[in-house]
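> starting from these lines, generate the structure:
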Amino acid sequence: MDEVNTGAAGFRPGGWIPNWARRRRVQSSVITPPTPAKWILSASRLIAVFSFVAIVGLPVIAAIGFGLARHSDERLSLDQHAALRGAIAEFRPLLDRSTAIDSRLMRFAEQIPGMKNLKFETHPVARDREMQPVMNSSGRITGFFTWDKSRPVAQVMGRLAAFFAAVAVVLFGFAALSLWQLKRAERELVAREAAANRAGDEDRLTGLPNHAKTLELLDLALAERADEECTTFALIELDGMDDVTATHGVLGGDELVVAVARRLKEALPAGVVCGRIAGDKFATVMSAGQNAETIIRTAIDAVARPY
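From the prediction side, this is the model:
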């Protein structure tokens, strides 16, 4: 059992460690590839952003499309009225001679694009149809040309509205799925990082703090102690491990190490750090106010019991 009591002046954490207990820290230049959770997290973020932009942009695009369709249909209606007025002006001399519409004017008007169900009526009844008055040279209205209102582009956009709605629903569901996947990937990434941190600090076989973590905890205890306090660092080495391995094999030796670690955990009180720093070496760190000799003797007795 070795007791370490370092002074505060000129203290350098880890400087007391013997050469055999030191481990070289080699900085690796190998770049660790991203884990699948990180790939999923990045992809989910991109998908969520894309889906959000698409959901927001779809109504804007639809509104612009309907506005353009309405403008196009209004332009078509204005062109129809203008063409019809030109035809009426061309055939106005014939309208002065008779109140009946000339068949040639009727045929000419029917050739205007978009003029569906064209009729000449003296007293039009339907109010949901396009209407163009026919006047003679004296300015008297002799009748009306009426035809079905034509909104071809608006009708197409109306049929596409259901498609846009379906796309919006799909994108919304896709965005919801992406957000769920994003949350899941974040949880998985946090769990993986926590597991990686534990793996870097724990001994794989016993679950105790490993060599580096034990020395880190010792440095922390030395740095936090008061000047007049003493910190105890004790090494417990198992003798005869080579004989155990030769007799029972590597697995038998590992089982013995695990059993020793379990007994140390049970025997040591709370607040005492116990770690595995080598194959057959364990270390304990105790702060001031703890009866180090009694604690270590209890731990050794627990380890020495038959297995």
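> quick one, strands of the stretch 51-200 of the chain?
119-121, 129-135, 141-148 (DSSP state E, counting those that start in this stretch).
> okay if I get the ones you listed as a markdown table plus mean pLDDT and distance to His211?
Using the backbone N, CA and C atoms, a C-beta is placed for each residue, glycine as well. A markdown table is the format used below for the strands of the stretch 51-200 of the chain (pLDDT from 0 to 100; distance: least, CB to CB, whole Å):
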| stretch | mean pLDDT | distance to His211 |
| --- | --- | --- |
| strand 119-121 | 85 | 100 |
| strand 129-135 | 86 | 92 |
| strand 141-148 | 85 | 90 |
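> Ala43: which of the ones you listed is closest?
When the strands of the stretch 51-200 of the chain are compared by CB to CB, strand 141-148 sits nearest Ala43, at 52.1 Å.
> now Arg92. Nearest residue, chain neighbours left out?
Ser137 (5.8 Å; CB to CB, 6 or more residues apart in numbering).
> now the one you found. Its backbone dihedrals?
phi -70, psi -30 (degrees, to the nearest 10).
> quick one: the spatially closest residue to Phe91 that is not a sequence neighbour from Met135, how far?
Leaving out its chain neighbours, the residue that sits closest to Phe91 by CB to CB, 6+ apart is Leu105, at 4.3 Å. According to CB to CB, to the nearest Å, Leu105 and Met135 sit 13 Å apart.
> counting neighbours, go ahead and name the busier of those two.
Neighbour count, other CB atoms under 10 Å: between Leu105 and Met135, Leu105 has more, with 20 against 15.
> is it true that the more buried one touches Ile88?
Yes. Contact status for Leu105 versus Ile88: in contact at 7.2 Å, counting by CB atoms under 8 Å.
> domain ranges for this protein?
The chain breaks down into these domains under automatic domain parsing: 34-115+150-201, 205-304.
> who's in contact with Glu202?
When contacts are counted by CB atoms under 8 Å, 6 or more residues apart in numbering, Glu202 is found next to 208-210, 213.
> for Ala100, that is, sorry about that
By CB under 8 Å, 6+ apart, the contact set of Ala100 is empty.
> and if you look at Leu208?
Per CB under 8 Å, 6+ apart, neighbours of Leu208: 202, 261, 264-265, 274-276, 282.
> low pLDDT regions in the stretch 101-250 of the chain?
By pLDDT under 70, the low-scoring segments of the stretch 101-250 of the chain are 126, 155.
> ok, and what's touching the helix or strand hosting Phe282?
Following DSSP states H and E, one finds Phe282 within strand 281-286. Residues from elsewhere that reach strand 281-286, judged by CB under 8 Å, 6+ apart: 208, 214, 217-218, 221, 231-238, 260-261, 264, 268, 271-277, 292, 295-296, 299.
> could you pick out the buried ones from the contacts of Leu208?
By neighbour count, with 16 or more other CB atoms under 10 Å, the contacts of Leu208 hold 202, 261, 264, 274-276, 282 as buried.
> pLDDT check: weakest of those?
The pLDDT minimum for these sits at Glu202, where the score is 86.
> in TSV: the strands of the stretch 51-200 of the chain, plus distance to Glu110.
What follows is the strands of the stretch 51-200 of the chain, written out as TSV (distance: least, CB to CB, whole Å):
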stretch	distance to Glu110
strand 119-121	10
strand 129-135	13
strand 141-148	9
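> nearest to Ala168, of the ones you listed?
Ala168 lies closest to strand 141-148 among the strands of the stretch 51-200 of the chain, at 32.1 Å (CB to CB).
> and the gap between Thr245 and Val170?
Note on Thr245: its distance to Val170, by CB to CB, is 63 Å.
> settle it for me: which of those two has more neighbours?
Thr245 (17 against 12).
> what's the local residue count around the closest residue to that one other than its chain neighbours?
Among residues not flanking Thr245 along the chain, Gly253 sits closest, at 4.1 Å (CB to CB, 6+ apart). Number of residues near Gly253 (other CB under 10 Å) recorded here: 20.
> likewise the one 5 residues further on?
If you count neighbours by other CB under 10 Å, Val258 ends up with 13.
> that one: what's it in contact with?
Taking CB under 8 Å, 6+ apart, we find Val258 in contact with 205-206.
> which SSE is it in?
Element membership for Val258 (DSSP H and E) is helix 241-267.
> gap between that helix and the chain center?
Distance of helix 241-267 from its chain centroid, counting by CA atoms, centre = their mean, to the nearest Å, is 46 Å.
> just want the angle from it to strand 281-286.
For helix 241-267 against strand 281-286, the angle by axes from the mean of the first three to the mean of the last three CA atoms, to 10 degrees is 30 degrees.
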